[in-house]
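What shape does this take:
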Amino acid sequence: MVRDIIFDLVWWRNVPPGEFYNVERHPSVTHGGQGALYFEIPSSMVASTLDFLEATAPPVTIQARVYGKDGQSGPIEFLSKAGNRMRIARQNRQMAGSERHPAWTASNGFPSAPDDVRNKQDALPYFPEGGLRIWIGRTTDGDFYAGFTKGPRPSGMSLSDPNWDLYSSGGRIVGGVIDAN
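You can find the predicted model right below:
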């Protein structure tokens, strides 16, 4: 049962509004190049991401269950990117061959924008006030679960709660790894 899951570490990443637009828009809506159709992992998070995955270099693919949904799971593929960055590949929900993890789909409550959204400004009304974050938890047994949070930090959350940083305000922190012990 989900309530018996004990996470050892939780990797998380703030999803900025522009990235939300890119993973929601139709892939033919671009001005120039293809546009980012993935969740990016900036260079500042690469080392901690690889440590979390217990890997030395990309590519890395994990199988992650959907937190709170028994029987749902899917692959999450981490690939390298120029500039010492990484990405979680194929996350645009409208692109052929997309492999968006089921935890990050509208059927599981993940925010979505209309299929014909044309730009970041058009997508903003569908972006949660207080932010959007994707996360992957690793259990003490080495199993992975994926989920997301949206909105502001829950009222009453203690500064000592390991999830405090997950709700950093103003997007100053792009993500990280939380030691849940």
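
and the spatially most central residue of the chain, which of the three is it?
The chain has residue 134 as the residue nearest its centroid, 2.9 Å off, counting by CA atoms, centre = their mean. Following DSSP: H, G, I helix; E, B strand; the rest coil, we place residue 134 in the strand state.

How about it, nearest residue that isn't a chain neighbour?
Leaving out its chain neighbours, the residue that sits closest to residue 134 by CB to CB, 6 or more residues apart in numbering is residue 148, at 5.0 Å. The way it works is simple: take the backbone N, C-alpha and C, and place the C-beta from them, glycine included.

where's that neighbour, which helix or strand?
Assessed by DSSP states H and E, residue 148 sits inside strand 144-150.

List the strands paired with that strand, with their directions.
strand 60-66 (parallel), strand 132-139 (antiparallel) (DSSP bridges).

what's next to the helix or strand hosting residue 19, contact-wise?
Secondary-structure element containing residue 19, defined by DSSP H and E: helix 17-24. Contacting residues not belonging to helix 17-24 are listed as 15, 35-40, 91-94, 100, 111-113, 117, 119-120, 122-124, 126-127, 132 [CB atoms under 8 Å, 6 or more residues apart in numbering].

what about 6 Å?
35-36, 91-92, 113, 120, 123-124, 127 (CB atoms under 6 Å, 6 or more residues apart in numbering).

between the residues you listed, which has the most around it?
Neighbour counts for those peak at residue 91, which has 25 neighbours (criterion: other CB atoms under 10 Å).

which residues of the protein fall in strands?
Applying DSSP state E to the chain gives strands spanning 7-14, 39-41, 60-66, 73-81, 85-88, 132-139, 144-150, 175-179.

that older thread, just the angle between the strand holding residue 148 and strand 73-81, please?
80 degrees (axes from the mean of the first three to the mean of the last three CA atoms, to 10 degrees).

could you dump strand 144-150 to CSV, C-alpha only?
In CSV, the C-alpha atoms belonging to strand 144-150 read as follows (Å, rounded to 0.1, in the frame of the first residue of the first chain):
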residue,chain,number,x,y,z
PHE,A,144,11.2,4.5,-7.8
TYR,A,145,7.9,6.4,-7.6
ALA,A,146,7.0,9.6,-9.5
GLY,A,147,4.6,12.4,-8.7
PHE,A,148,4.1,16.1,-8.8
THR,A,149,3.1,19.0,-6.5
LYS,A,150,1.4,22.2,-7.5
